[in-house]
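*Asks:* This is the structure alone, sequence omitted:
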């Protein structure tokens, strides 16, 4: 890995961190929104799930665009869409306006996740790809941690609307960074083989501090060009796609229960909204630490075993979250451990995406499985909200146990998942050279 390759990975970490804050900005704002508009948890859950539904659409629609148009232009388009959604959310006049604007934001975030996953996989070598993927994934909770610290300060001085203004500004700032520091990936040019592909590949390789190549690798057959029908019609890819998609869906059902409802739950125990927001910070501190450590677990023990263990432990931790805590630090530690375990499992899933799909369909396949997964993410706050409505706001333990079952189901599906290299990586055989 050259320095320039690590810089590209660092930009992907930043983009995922931005997504982490953008997604959770509504959770930071939730107590203020609930207080200002007087809405019940059931309606709040629908609003909190809106960007997650948008992320599902964005993952499928814009993830496929990254395989057709390119990773870099798709990332820029996603940043523009996400920024517009954030600024519109800051001007919302009611809960349904806000729900629509959060949906728009989610479209941009969903496409972004599929694209940055492909860029990280294709701009890292085989030896360090697991670590690079782990670093990219922990950008999400890292952004939520830093955003939560900012949120705690902003909520003391301004209203909940400041969450969306701040997120919109950071999203806009990311655009020139991508334009300057991120090349189109060589793997994309190899897959599409358009006119001048060899010249463009070498330009990207030189950008990353790697040597030129003399000829294109063996051509990908026309019938293997990226299409959603490929990942569903070819038996091996179909099995990987469905197991990853539905497994991720079940796990995000559990994952987003904590991320979306923790601040509201803690606030309902009598804590100030700015104090309640700190538990989400600790959840994401745990997610950052867990994701980073898990990257080394994968390097030593590969993907499958460690991911299954994390999924099962995550289910236990989320169920235990339902035991009421007698102090703010008790809530913080509970969310820390749930974040540690649930995000470690997320790292395992993203590493499986990079391995399970070949380069020609990597963004399409990743986008599709992320799209399936968003049904669980979007349904999580909605179902949790209705469970609290039906059972009562004081029935935290039974609700938490029910929500924890998603990670158990994910562990079963991951156990039967076949994991083989999706292709012989073009980048693996490119020698590092002096940066031009």
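*Replies:* Nice, I can see it. Since the model is a prediction, treat every value here as computed from it, not as a measurement. Numbering: from 1, shown residues only.

*Asks:* Was I right to think residue 188 contacts residue 122?
*Replies:* Yes: counting by CB atoms under 8 Å, residue 122 is a contact partner of residue 188 at 7.2 Å. Glycine gets a C-beta too; all of them are placed from N, C-alpha and C.

*Asks:* quick one: which of those two has more around it?
*Replies:* More neighbours surround residue 188 than the other of residue 188 and residue 122, with 28 against 25 (other CB atoms under 10 Å).

*Asks:* Please give me every residue in contact with that one.
*Replies:* Contact analysis of residue 188 by CB atoms under 8 Å, 6 or more residues apart in numbering lists 67, 70, 71, 118, 122, 359.

*Asks:* What score does the last one have for pLDDT?
*Replies:* Going back to what we said before, that points to residue 359. With respect to pLDDT, residue 359 scores 67.

*Asks:* What of the fourth one?
*Replies:* What the model reports as pLDDT for residue 118 is 85.

*Asks:* distance of it from residue 187?
*Replies:* In this view, residue 118 and residue 187 are 8 Å apart by CB to CB, to the nearest Å.

*Asks:* swap in the third one?
*Replies:* Counting by CB to CB, the gap from residue 71 to residue 187 is 9 Å.

*Asks:* Find residues that contact each of residue 118 and residue 187.
*Replies:* Residues within reach of residue 118 and of residue 187 at once, by CB under 8 Å, 6+ apart, are residue 362.

*Asks:* out of everything not next to it in sequence, what's closest to the residue nearest the centre of the chain?
*Replies:* Closest to where the C-alpha atoms of the chain average out (CA atoms, centre = their mean) is residue 113, at 5.6 Å. Nearest residue to residue 113 in three dimensions, chain neighbours excluded: residue 370, at 5.8 Å (CB to CB, 6 or more residues apart in numbering).

*Asks:* circling back to that earlier point, now do the same contact list for the residue nearest to the centre of the chain.
*Replies:* Residue 113 neighbours (CB under 8 Å, 6+ apart): 16, 19, 55, 59, 366, 370.

*Asks:* which neighbours do residue 71 and residue 187 share?
*Replies:* Common neighbours of residue 71 and residue 187 (CB under 8 Å, 6+ apart) are 118, 122.

*Asks:* Residue 128 reaches residue 1, doesn't it?
*Replies:* Yes: in this structure, residue 128 is within contact of residue 1 by CB under 8 Å, at 5.1 Å.

*Asks:* before we move on, the earlier item: among the contacts of residue 188, which two are most distant?
*Replies:* Maximum pairwise distance among the contacts of residue 188 (CB to CB): 13.0 Å, between 70 and 359.

*Asks:* what does stretch 139-147 contact?
*Replies:* Applying CB under 8 Å, 6+ apart, the contact partners of stretch 139-147 are 12-21, 23-25, 28, 166-167, 259, 280-281, 283-288, 291, 339, 343, 346.

*Asks:* Next: stretch 285-298.
*Replies:* Applying CB under 8 Å, 6+ apart, the contact partners of stretch 285-298 are 130-131, 133-135, 137-138, 140-142, 144-145, 306, 310, 335-344, 346-348, 351.

*Asks:* ok, now with 6 Å
*Replies:* Here stretch 285-298 makes contact (CB atoms under 6 Å, 6 or more residues apart in numbering) with 130-131, 134, 137-138, 141-142, 145, 306, 336, 339-340, 343-344, 347, 351.

*Asks:* Just the buried ones from those?
*Replies:* 130-131, 134, 137-138, 141-142, 145, 306, 336, 339-340, 343-344, 347, 351 (16 or more other CB atoms under 10 Å).

*Asks:* among those residues, which two are most distant?
*Replies:* 130 and 336 (24.0 Å).

*Asks:* mind checking pLDDT for the residue located most distally from the centre of the chain?
*Replies:* Centroid-distance maximum for the chain: residue 214 at 36.8 Å, with CA atoms, centre = their mean. Residue 214 carries a pLDDT score of 82 in this model.

*Asks:* SS state for it?
*Replies:* On the three-state scheme (DSSP: H, G, I helix; E, B strand; the rest coil), residue 214 is labelled coil.

*Asks:* for the stretch 251-400 of the chain, what spans make up the helices?
*Replies:* Counting by DSSP state H, counting those that start in this stretch, the stretch 251-400 of the chain has helices at residues 273-301, 304-321, 328-356, 362-391, 396-415.

*Asks:* which regions of the stretch 251-400 of the chain sit below the pLDDT cut-off?
*Replies:* Residues of the stretch 251-400 of the chain that meet the criterion pLDDT under 70 lie in 359-360.

*Asks:* again, only this time at 90
*Replies:* Judged by pLDDT under 90, the stretch 251-400 of the chain has its weakly predicted residues at 255-306, 320-335, 343, 346-400.
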